[in-house]
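In: Please work out how this folds:
(chains A and B)
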Amino acid sequence: MKKIKKIKIKLNGKAKLIAVNCKIQTLINELNIPVKKVAIELNQEILDKKKLKKIKLKKNDKIEIVHFIGGG
Amino acid sequence: MLKDKLIISSKRFNSRLIVGTGKYRNMKECAKAIKLSGADIVTVAVRRVNITDKKKPLLMDYIDPKKITYLPNTAGCFNSKEALRTLRLAREIGGWKLVKLEVLGDKKNLFPEMIETLKSTEVLAKEGFKVMVYCNDDPLMAKRLENAGACSIMPLAEPIGSGLGILNKVNIKIIRSQTKLPLIIDAGLGQASDATIAMELGCDGVLVNTAIAKAKKPFDMALAFKNAVIAGRQSYLSGRIEKNLMGNASSPKKGII
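Out: Reported below is the predicted structural model:
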């Protein structure tokens, strides 16, 4: 069986291994995240949610996925 | 009173009570307290999605943003950079332009860092945000925020979560007299009567979180704050009597036996 090459990224402050050439949309789908209820940042730049399918993740990329929670 | 609405950035709200959604025991309790408070606006925080625990309840599942206006807040930000990042992300989540800016300067007293707050207000206003600004009760700074493009001035009563009530009524009155912007007391209220006092000072609304969420009976306190805000507003609009040093009998002297 062919071994899939992995790269390390940081997702919400924690290290994560993902497949090489993984697109952000794929990652979001895998994590089962409701895209309409979140905002996504890649290396401190806010991503246009329409372009998630086009963006490939690279080694050491930093992703932040945020949503609303209770607060004052 | 029927036409007496709270207007912020041309948007009309029935309730003058804004409530925070933090510190409740659970989302169910939070949603019920908000319903009882009658609030049209709730503050919310922007935080990382919990990747590992997907079963954690989502705020949007309990409080429908189509029915209640979400007011994204920058609570927990200690400089302009963090605050701007947070609100830009908030806008991205669902197009929110009406936001609450809160830049803190001290971890113990949670007083606002006004230089960073002013800087952030200018940037956000230029980016098209409608910025409601948490600030200290300094009339000069309130004026500067207004000039920088704030859509609402939100001076503290006392430190966030302190429950001390309004200790500097004079400053609040001065700010009231100098601005036509919605003036909303934010932070430090402890009980329903504090909200009445704020409204009687001429404020357009109050923002409450801890006083409701941490009351022994949050649901009853939510209702108490709702009524207190209405009572205070009615009292303010009714025009109070002059204060006199001496007594003035209510019954006529004529016909005394």
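
In: For the single nearest residue of chain A relative to chain B, which non-adjacent residue is spatially closest?
Out: Residue nearest to chain B within chain A: residue A:71 (2.6 Å; CB to the nearest CB). No exception for glycine: its C-beta is placed from N, CA and C like everyone else's. Excluding its sequence neighbours, the residue lying closest to residue A:71 (CB to CB, 6 or more residues apart in numbering or on different chains) is residue B:45, at 2.6 Å.

In: Next, the one you found: phi, psi?
Out: Note on residue B:45: its backbone torsions stand at phi -110, psi 160 [degrees, to the nearest 10].

In: same check, this time on residue B:147
Out: phi -70, psi -30.

In: count of residues packed around it?
Out: Residue B:147 has 11 neighbouring residues, counting by other CB atoms under 10 Å in any protein chain shown.

In: Check which residues of the helix or strand harbouring residue B:82 are buried.
Out: Under the criterion of DSSP states H and E, residue B:82 resides in helix B:80-94. By 16 or more other CB atoms under 10 Å in any protein chain shown, the buried positions in helix B:80-94 come out as B:80, B:82-94.

In: Quick check: which of the residues you listed are also close to chain A?
Out: B:85, B:88, B:89, B:90, B:92, B:93, B:94 (CB under 8 Å from any CB of the partner chain).

In: just checking, what packs against whatever helix or strand residue B:184 lives in?
Out: In the assignment (DSSP H and E), residue B:184 maps to strand B:184-186. Contacting strand B:184-186 under the criterion 3 or more CB pairs under 8 Å, 6 or more residues apart in numbering or on different chains; DSSP states H and E are the following elements: strand B:152-155, strand B:205-208.

In: Residues in contact with the last one: which ones?
Out: Think strand B:205-208. For strand B:205-208, the surrounding residues in contact (CB atoms under 8 Å, 6 or more residues apart in numbering or on different chains) are B:6, B:16-20, B:43, B:154, B:182-187, B:189, B:195, B:198-199, B:225, B:229.

In: again, 6 Å this time
Out: Residues external to strand B:205-208 that are found in contact with it (CB atoms under 6 Å, 6 or more residues apart in numbering or on different chains): B:6, B:16, B:18, B:19, B:184, B:185, B:186, B:189, B:195, B:198, B:225.

In: Then the first one?
Out: Among residues not part of strand B:152-155, those counted as contacts by CB under 6 Å, 6+ apart are B:8, B:132, B:133, B:134, B:135, B:137, B:142, B:181, B:182, B:183, B:184, B:186.
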